[in-house]
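# Fold the following, please.
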Amino acid sequence: MANDDLGRTLRRLRRLASLTQEDLAERSGVCVDVIRQLEQRRKHSARLPTLHALANGLGVELTTLLGDPPAVSATGENDGPRFVAVRRAIMPALGGPELQPPGPGFSLAVLREQIAEGWTQYHAAEFDTVMKALPDMIADARAATVLGDGDGDARGAGFAALGKALQLAGHVAVRMGKTDLALISLERAIDAADRSADPLLRPIVINSVAWTYQRQGRLDDALSIALHAADATADGGHTTTADGLKVWGALTMSAATSAARSNDYERAAALMAHAEKEAARVAKLPSGDDSRMVSVFSPSSVRIERVRLAVQYGHPQEALALAKGMRLDKDVPASWRTWLLLDVARAHTDLGDAAGAVKALKSLHRVAPTWMQHHTLAVAIVRDLWALPNRPTGLRPLAESLGVAE
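Numbering: from 1, shown residues only. From the prediction side, this is the model:
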């Protein structure tokens, strides 16, 4: 379960850095009173720009400040045998046996379906299931890269499958708090993408790298590579198809997120306005075979991201106005729907509307109880509400399910 005490972690890291609360306030630009409230457990959560600033002031990754990662296995271990197998699949032993083509029963179409299903399970927070399947999936994809005895098309398709499998492994590694391993997996995914025949695969994986940089607090790096890849996608003429426009859009939204978390909300808003305008074209363009293998970008995803950025930048009323009456596109993954509910809960909490926050959290718990249990910020919001002198109706079952209740 997610770390239940942000304040304790903050105090420990500050002392390890030999900083006073005033020192940290000066280095991070965060008000010393906010630091004091967090450390004294009078406040259990903070906006993401504040958390990023504190992490930068301490010289640590954001994931270190937040404590346990937002997703761990059902056993509570994030480095157990199953994840060790994923690590070995990402980085096979040096000097191992030469790759051999897959056996006669192998089907590249079946492998692609397995990878696509893995992404569906990932978005549904079924991390144990994905980790169990990943080692064989990656091994089969590696074998597929030596298919065809010189058949370039078959080998290119094999490298495309390997790129998507390694990208999925990178995402799982991030969720398990292993961002350095994630970058290794994603770098290898980019290499595979460059050897495939899919011109969109490289920018798709670069978007995952940008997200990982965000998790590490490397916001300038995340912004730079996302914008560069978005420009390259557009300059290459790929935004004339739905899949290409989705890739461009996802990169643009990623850049906006990095700008917002760097407290440049004006730039973030401009990027999101551009993305929202372009999202309306997606449904009018020819699309590829399987949307599960391409970036998430639609009018609904743009609106969800706008809600998220409004909450992060301290505009809760704007966030609730954006979220009100929203109808989500059918291709919006489950993970994006859960993020929306969490952001609505945060907005209500920031406005002092405890009842509204509980209503959103109850909806979130109903649709994604496991995801909620393993999300640090979700647990922190419930802790903030539980600390109120007059606890809102309906909070206790949530607090008990998350281990927050006294």
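# so Thr338 touches Ala368, yeah?
Yes. Using C-beta atoms under 8 Å, Thr338 is in contact with Ala368, at 4.4 Å. C-beta here means a position set from N, CA and C on the backbone, and glycine is covered the same way.
# any shared contact partners between the two?
Residues touching both Thr338 and Ala368 (C-beta atoms under 8 Å, 6 or more residues apart in numbering): Ala125.
# how close does Ala368 sit to Ser401?
For Ala368, the distance to Ser401 equals 12 Å [C-beta to C-beta, to the nearest Å].
# of the two, who's got more company?
Ala368 (22 against 14; other C-beta atoms under 10 Å).
# can you tell me which residues contact that one?
Ala125, Ala334, Arg337, Thr338 are the contacts of Ala368 under C-beta under 8 Å, 6+ apart.
# Pick out the most distant pair among those.
Greatest spatial distance in those: Ala125 and Arg337, 11.3 Å, computed using C-beta to C-beta.
# So between these two, which is more surrounded?
Neighbours were counted for Ala125 and for Arg337 using other C-beta under 10 Å; Ala125 has more, 23 against 18.
# tally of neighbours for the nearest residue to that one once chain neighbours are set aside?
The spatial neighbour of Ala125 that comes closest, neighbours along the chain excluded (C-beta to C-beta, 6 or more residues apart in numbering), is Trp371 at 3.9 Å. The tally of other residues near Trp371 (other C-beta under 10 Å) stands at 23.
# Same question for Ser363.
The burial count for Ser363: 16, using other C-beta under 10 Å.
# in the host helix or strand of it, what's buried?
Per DSSP states H and E: Ser363 is located in helix 354-367. For helix 354-367, the neighbour count (16 or more other C-beta atoms under 10 Å) marks Ala354, Gly356, Ala357, Val358, Lys359, Ala360, Leu361, Lys362, Ser363, Leu364, His365 as buried.
# okay if I get those as CSV plus pLDDT and distance to Phe159?
Putting the buried residues of helix 354-367 into CSV (pLDDT from 0 to 100; distance: C-beta to C-beta, whole Å) gives the following:
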residue, pLDDT, distance to Phe159
Ala354, 93, 52
Gly356, 95, 49
Ala357, 94, 47
Val358, 95, 49
Lys359, 95, 48
Ala360, 94, 43
Leu361, 94, 43
Lys362, 94, 45
Ser363, 92, 42
Leu364, 90, 39
His365, 90, 41
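# which of the residues you listed lies closest to Gln216?
Nearest to Gln216 among the buried residues of helix 354-367, with distances taken as C-beta to C-beta, is Leu364, at 26.3 Å.
# following the helix or strand of the chain with the lowest mean pLDDT, which helix or strand comes up?
Lowest on mean pLDDT, DSSP states H and E among the helices and strands of the chain sits helix 62-66, with a mean of 71. Per DSSP H and E, the first helix or strand lying C-terminal to helix 62-66 is helix 81-90.
# Let me know the pLDDT of the residue lying closest to Val30 once chain neighbours are set aside.
Using C-beta to C-beta, 6+ apart and skipping the chain neighbours, the partner closest in space to Val30 is Ala53 (5.2 Å). What the model reports as pLDDT for Ala53 is 85.
# mind checking the SS state of Ala53?
Recorded secondary structure, Ala53: helix (DSSP: H, G, I helix; E, B strand; the rest coil).
# Distance check, it against Ala405.
Distance from Ala53 to Ala405, by C-beta to C-beta: 31 Å.
# Ok, Pro199 next?
Distance from Pro199 to Ala405, by C-beta to C-beta: 52 Å.
# Where do the helices of the stretch 201-350 of the chain begin and end?
Using DSSP state H, counting those that start in this stretch, the helices of the stretch 201-350 of the chain run over residues 201-215, 219-235, 242-261, 265-279, 299-312, 316-323, 334-350.
# ok, residues contacting the shortest one?
The set of residues that contact helix 316-323 without belonging to it, under C-beta under 8 Å, 6+ apart, is 303, 306-308, 310-311, 340, 343-344, 346-348, 350-351.
# The host helix or strand of Arg142 versus helix 81-90: what angle between them?
Arg142 is part of helix 127-144, with elements assigned from DSSP H and E. Helix 127-144 and helix 81-90 are oriented at 20 degrees to each other (axes from the mean of the first three to the mean of the last three C-alpha atoms, to 10 degrees).
# counting contacts, what elements does helix 127-144 pack onto?
helix 81-90, helix 108-123, helix 152-175 (3 or more C-beta pairs under 8 Å, 6 or more residues apart in numbering; DSSP states H and E).
# which of those is buried the deepest?
helix 152-175 (a mean of 23; mean count of other C-beta atoms under 10 Å).
# Check what contacts the helix or strand just after it and list those residues.
Scanning forward in sequence from helix 152-175 by DSSP H and E, the next helix or strand is helix 179-194. Outside helix 179-194, the residues that touch it by C-beta under 8 Å, 6+ apart are 61, 63, 87, 90-91, 145, 159-160, 162-164, 166-167, 169-171, 173-174, 201-202, 204-206, 208-209, 212, 215-216.
# Arg175 contacts Phe127, correct?
Yes. If you go by C-beta under 8 Å, Arg175 and Phe127 touch, sitting 6.1 Å apart.
# so where's this protein uncertain?
Filtered on pLDDT under 70, the chain yields the residue ranges 1-4, 48, 61-63, 66-79, 148-152, 288-293, 374, 406.
# Domains of it: list them as residue ranges, please.
68-198, 219-297, 309-406 (automatic domain parsing).
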